[in-house]
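Enquirer: Just a sequence and a predicted model for now, questions to come.
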Amino acid sequence: MTKLRFLVALIALLIAPLAFAVQPDEVMKDPAQEARARELSAQLRCLVCQNESIDESEASLAKDIRLLIRERIAQGESNDQVKDFLVSRYGDFILLKPPLKPETIVLWFGPPAMLVIGAFFVLRASRRAPTSAAALTADEEAKLAELQRKG
């Protein structure tokens with residue numbers, strides 16, 4: 001019985017991240033519009049959590065943005081119009097995949113550049129490190145032997 005409980009708990013933990021935060025009261029009546037809203041909200045970053053989409057986030061701001069998306073879709077706006085509105089309001093940071101332009105170049109090339117710079121310094125430090133210990137002088141060997149005898 002304990003194995004079954006463990007298995008159920010494990011499955012629940014594995015499935016939990018797959019659950020979306022969209023509440024039943026947010027869902028649009030038209031399935032095509034709801035699919036568009038879900039597609040858009042999966043592409044947008046939660047400004048509170050910052051590491052998940054607004055589709056997955058439980059934050060109240062994410063819910064507000066999800067509702068705003070659905071409202072604008074219901075008004076007949078295209079996906080690009082909705083996205084452009086949100087970018088004009090919150091900046092490129094709201095996009096999980098920001099466009100490559102001068103303002104976002106650090107977002108795109110910063111992490112790989114830091115990795116290359118770090119690898120360079122590690123390689124440089126490893127080349128400077130002595131590869132073998134210098135041999136002991138006769139005086140040092142005598143002191144070592146005396147210390148080993150004393151215990």
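Expert: Sure, I can see it. Just so you know, these numbers come straight off a predicted model, no measurement behind them.
Enquirer: Give me the most central residue, the protein.
Expert: Ranked by distance to the mean C-alpha position of the chain (Cα atoms, centre = their mean), the top residue is N51 at 4.7 Å.
Enquirer: what about it, which SS state?
Expert: Here N51 is recorded as coil under DSSP: H, G, I helix; E, B strand; the rest coil.
Enquirer: That one: what's it in contact with?
Expert: Residues in contact with N51 (Cβ atoms under 8 Å, 6 or more residues apart in numbering): none are found. For glycine as for every other residue, the C-beta is placed from the backbone atoms N, C-alpha and C.
Enquirer: Can you list the buried residues in the helix ranked longest in the chain?
Expert: Ranked by residue count, the top helix of the chain under DSSP state H comes out as helix 105-128. By neighbour count on 16 or more other Cβ atoms under 10 Å, the buried set for helix 105-128 is L107.
Enquirer: Show me what it is in contact with.
Expert: Counting by Cβ under 8 Å, 6+ apart, 98, 100 sit against helix 105-128.
Enquirer: Check which element follows it along the chain.
Expert: helix 138-150 (DSSP states H and E).
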